[in-house]
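**Q** need coordinates for the following:
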Amino acid sequence: MRNFFIYFSLFTLLFAACKSYKEVNFDPNVTTSYSIDPGYMDLKMSPKEDFFTFCNGSWVKFNEIPDTESKWGSFNELDQNNKSKLTAILQEAQKNNQVKGSDKQILGDYYTSFLDMKTRNEKEYKGILPELSRIDMINRKDFLVEVIAKHHTEGVSANFNFGVRQDMKNVNSNVFYMGQGGIGLPNKEYYLNENKKEILKGYEAHVAKAFELIGYPQEKANAAAQLVVKFETRMAKAMYSPAEMRQPEKTYNKKSFNEVLELVKPFDLRYYLNILESPTPDSIIVSNPAFMQDFAKMIEDENLESWRAYLKWKVIRNYSKHLDQKFVDLNFEFYGKILSGKKAQKPANEQAIDEITSSYFSEILGKLFVEKHFSKEAKDKVNSMVDNLLFVFRERINKLDWMTSDTKVEALNKLNSIGRKLGFPDQWEDFSKLSISPSDYLQNIKNISIYATKKNLAEYGKPVDKKKWGMPAHMVNAYYSPLNNEIAFPAGIMQAPFFNEKAEDAVNYGGIGMVIGHEFTHGFDDMGSKFAADGTFRNWWSDTDRKSFEERTKILGETFSTFCPIEGHCVNPELTMGENIADLGGLTMAYYAYTMTEEYKKNQKVNGFTPAQRFFIAYAQLWKISYRDEELKKMIATDPHSPGMYRVNGPLKNCPEFFKAFDIQEGDKMRNKETKVSKIW
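**A** All right, here's what the predicted structure looks like:
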């Protein structure tokens with residue numbers, strides 16, 4: 001999800017029967033409630049032609065993307081505002097005499113070590129010499145097991161992913177998963193697709209420069225980089241695409257331990273687990289057996305020179321952001337500039353916050369955030385909105401004409417079983433045993449990774465702790481968990497301007513209301529619908545109903561497949577299907593929940609717009625955003641979300657309530673033909 005919302009005052013918008021949107025009068029004597037922002041709008045654009053531009057055209061025109069960003073929109077604005085609050089929290093935590101092992105000591109010392117670039121520059125890359133030396137000592141293939149295991153213990157992504165997660169078919173149990181991983185580019189497309197050839201070339205040059213920074217002569221560095229790219233390209237060929245990784249029937253492959261031993265032979269899995277200090281499981285779920293089989297074959301096929309180059313690169317890449325300024329700059333040159341289009345690095349405080357937010361101990365920052373910046377009133381209001389959307393969804397399932405009664409019973413059971421987490425966890429995790437120093441940033445990173453690995457492996461065989469959250473409380477986001485069948489809304493998203501207790505209902509339902517509906521609908525999208533009320537990966541559909549559902553989702557996919565923001569780079573409807581379904585469902589549920597309010601029933605215009613129109617404008621302004629071309633290309637290749645402008649126009653082309661609100665006729669660009677309007681939930 002992302003953020004939004006700005007109140008406005010001193011504006012009066014003249015609106016005439018949905019036919020002319022070209023006049024805006026400013027009256028300093030008129031003050032409105034917190035509502036949509038007409039200053040964002042391009043009134044020269046017809047809402048029948050391009051609703052995103054109609055609602056956001058002026059904002060896009062006059063709000064340049066900051067040099068430090070690859071995109072800029074509503075959620076970025078709220079995230080930026082949050083960072084000011086989080087920086088103050090970190091600065092407070094830096095103060096002396098914090099109790100050892102306390103939340104503030106851990107956060108403050110981590111932050112101090114991050115900012116201490118003088119010490120980091122003095123140490124250069126000395127902190128990773130033990131790892132590099134360990135790789136140099138590989139002179140037999142059986143030594144690979146130990147190096148890969150130690151890489152994984154220290155959080156270095158190499159060759160494959162391994163860890164403990166919830167069992168999709170027994171959701172109360174924690175089991176081992178093994179799957180594809182270990183490449184340096186976002187996914188297999190970047191190695192195999194012709195339109196990514198220049199990026200692959202840039203990646204190879206980047207790898208070569210990194211080897212030069214650890215002392216390789218240029219010729220040797222270039223040769224090592226070529227080996228790395230060749231090695232990773234082979235890995236990529238055996239990988240699933242991002243769209244395939246969304247198919248649980250494809251990725252859930254439970255195998256006995258002995259079967260996995262055979263699958264990865266000659267890799268000594270018992271020895272690997274021993275180094276990880278992990279128990280030997282009865283079974284392992286292998287997400288991509290062919291990938292693991294090819295990994296084993298690479299041990300036989302690839303020479304030691306290639307293995308050493310690849311494993312060294314994994315160490316360098318993993319720690320580049322945490323070393324001296326030369327490595328930080330080099331990392332940004334490729335991953336920031338070439339891949340994402342950013343022009344400058346973020347200030348150090350913002351970089352530190354991003355690092356903490358993506359780290360294992362991010363919960364601490366969220367805990368301190370809610371102590372200072374969380375509103376119980378906001379939580380109560382959001383909770384009541386959740387109730388309203390749940391009521392609407394229940395009513396709509398009951399009235400579906402394409403679903404049989406038996407499947408409806410299952411669907412309603414699942415809907416009524418959805419749990420909710422609002423604001424922050426009931427119980428905070430204890431991090432007092434995590435060792436963090438104010439003077440050694442790199443060692444802090446290693447300590448966090450080792451700590452996280454041990455905690456994860458210790459979960460094996462234990463009951464799943466369903467009270468845990470999937471993201472920190474300060475994060476501007478929300479999620480649905482299919483295995484727990486629950487929605488979660490952190491405190492970070494329940495605040496102005498994204499959600500505003502003073503805003504009119506049109507704004508709040510078009511904003512966080514839509515997000516609530518979006519997360520509910522994820523339980524019934526193309527992937528979430530494969531999980532039952534208790535979270536188990538189980539088919540609860542009749543064949544007839546499943547076919548009807550897929551016919552409707554296929555029509556929705558046809559809408560999104562026409563969106564090509566850059567030549568040769570079109571939205572992938574298979575990759576984005578779940579989010580597209582959730583956007584359409586969330587929009588629909590939020591609209592009908594809004595119609596239950598007194599504000600809607602009074603049918604009073606504000607600045608010339610009816611309640612229904614303000615709802616849809618608020619929804620569109622939620623997704624206001626601009627992208628750099630590099631980021632847009634990457635997003636289309638990797639992200640299950642469609643770009644923001646299509647998250648507006650795509651669902652609305654399939655929304656009869658929108659057609660009515662703005663008098664959109666068949667033949668207008670913002671309305672699909674009747675046979676191509678996707679009616680799902």
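**Q** quick check: the gap between Glu333 and Val156.
**A** Going from Glu333 to Val156 by Cβ to Cβ, to the nearest Å gives 21 Å. The way it works is simple: take the backbone N, C-alpha and C, and place the C-beta from them, glycine included.
**Q** these two - which one has more neighbours?
**A** Val156 (22 against 15; other Cβ atoms under 10 Å).
**Q** look up the closest residue to the more buried one, ignoring the ones flanking it.
**A** Nearest residue to Val156, sequence neighbours excluded (Cβ to Cβ, 6 or more residues apart in numbering): Asn318, at 4.5 Å.
**Q** quick one: list the elements packing against the lengthiest helix in the chain.
**A** Determined from DSSP state H, the single longest helix within the chain is helix 376-399. Contact here means 3 or more Cβ pairs under 8 Å, 6 or more residues apart in numbering; DSSP states H and E; on that basis helix 376-399 packs against helix 405-417, strand 419-423, helix 514-522, helix 573-594.
**Q** can you give me phi and psi for Ala503?
**A** Main-chain torsions, Ala503, degrees, to the nearest 10: phi -70, psi 160.
**Q** likewise Leu556?
**A** Per degrees, to the nearest 10, the backbone of Leu556 is at phi -60, psi -40.
**Q** helix, strand or coil: sort out the closest residue in space to it that isn't next to it in sequence for me.
**A** Leaving aside its sequence neighbours, Leu556 sits nearest to Ser678 (Cβ to Cβ, 6+ apart; 3.8 Å). Following DSSP: H, G, I helix; E, B strand; the rest coil, we place Ser678 in the coil state.
**Q** you'd agree Lys250 is in a helix?
**A** Yes. Assigned with three-state DSSP, Lys250 falls within a helix.
**Q** re earlier: neighbours around the residue nearest to Val156, how many?
**A** Neighbour count for Asn318, taken as other Cβ under 10 Å: 20.
**Q** hmm, back to that, CSV please, covering the helices and strands packed on helix 376-399 and showing mean neighbour count.
**A** As requested, the helices and strands packed on helix 376-399 are arranged in CSV below (neighbours: other Cβ atoms under 10 Å):
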stretch, mean neighbour count
helix 405-417, 15
strand 419-423, 18
helix 514-522, 27
helix 573-594, 25
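**Q** ok, which of the ones you listed comes nearest Asn187?
**A** helix 573-594 (10.1 Å; Cβ to Cβ).
**Q** name the residues of whichever helix or strand comes after that closest one that are buried.
**A** Next helix or strand after helix 573-594 toward the C-terminus (DSSP states H and E): helix 598-602. Within helix 598-602, the residues scored as buried using 16 or more other Cβ atoms under 10 Å are 599-600.
**Q** do the same with stretch 471-481
**A** For stretch 471-481, burial by neighbour count (16+ other Cβ under 10 Å) applies to 471-481.
**Q** pLDDT (mean, whole number) over it?
**A** Averaged across stretch 471-481, pLDDT comes to 97.
**Q** for that stretch, measure first residue to last.
**A** 11 Å (Cα to Cα, to the nearest Å).
**Q** now that stretch: how far from the chain's centre is it?
**A** Distance, stretch centre to chain centre, for stretch 471-481: 10 Å (Cα atoms, centre = their mean, to the nearest Å).
**Q** ok, and what's touching it?
**A** 1-3, 75, 78-79, 82, 86, 357, 362-363, 365-367, 369-370, 374, 423-425, 470, 486-493, 498, 515-516, 518-520, 522-523, 528, 535 (Cβ atoms under 8 Å, 6 or more residues apart in numbering).
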